[in-house]
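**Student:** Got a predicted model here, sequence first, then my questions.
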Amino acid sequence: MKNGTNGSLSPRLRKLWSPILALALLSIPIVGMWELLRPDRPVAIRVSRLLVVFIALFSLAIIALVTEYFTTSRLLAAAKSDLQFPQIVPTNAGKAIALA
């Protein structure tokens with residue numbers, strides 16, 4: 001599945017990665033709603049399954065917030081250290097070129 005020694009994903013797997021992750025994330029609340037609508041199971045089993053769904057959603061939210069925090073702090077550190085970002089300059093032909 002991995003391509004080369006740098007650990008990048010193959011192009012085929014890269015195309016499938018986003019829909020697979022979207023389905024996985026959508027399946028968590030769907031399982032929770034499905035469990036709420038099934039009164040034929042014992043209460044202890046329903047509560048434990050709903051607890052697993054809640055913990056999974058809570059964990060995903062924490063991971064998203066931590067990722068956003070580190071991305072923002074890295075961006076702020078790059079801005080403070082006066083890194084040279086490429087400047088986009090429009091040309092007469094309608095195409096933009098990047099100046100280093």
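**Tutor:** Right, received. Where do you want to start? The model shown is predicted, which means the values in this text are computed figures rather than measured ones.
**Student:** can you tell me which residues contact Ser73?
**Tutor:** Not one residue lies near Ser73 by CB atoms under 8 Å, 6 or more residues apart in numbering. From N, CA and C alone the C-beta is placed, and that goes for glycine too.
**Student:** no, scratch that, I was asking about Lys15
**Tutor:** Lys15 touches nothing, counting by CB under 8 Å, 6+ apart.
**Student:** Now do the same for it: its pLDDT.
**Tutor:** Lys15 is assigned 79 on the pLDDT scale.
**Student:** Check the gap between it and Ala24 for me.
**Tutor:** Per CB to CB, to the nearest Å, Lys15 is found 16 Å from Ala24.
**Student:** can you check Leu36 too?
**Tutor:** 20 Å.
**Student:** Then Ile30?
**Tutor:** 11 Å.
**Student:** Likewise for Leu76?
**Tutor:** For Leu76 relative to Ala24 (CB to CB), the value is 31 Å.
**Student:** Tell me which helix or strand the most centrally placed residue in the chain sits in.
**Tutor:** Most central in the chain under CA atoms, centre = their mean is Ala64, positioned 7.1 Å from the mean C-alpha point. Per DSSP states H and E: Ala64 is located in helix 43-80.
**Student:** Show me which residues of that helix are buried.
**Tutor:** Arg49, Val53, Ala56 (16 or more other CB atoms under 10 Å).
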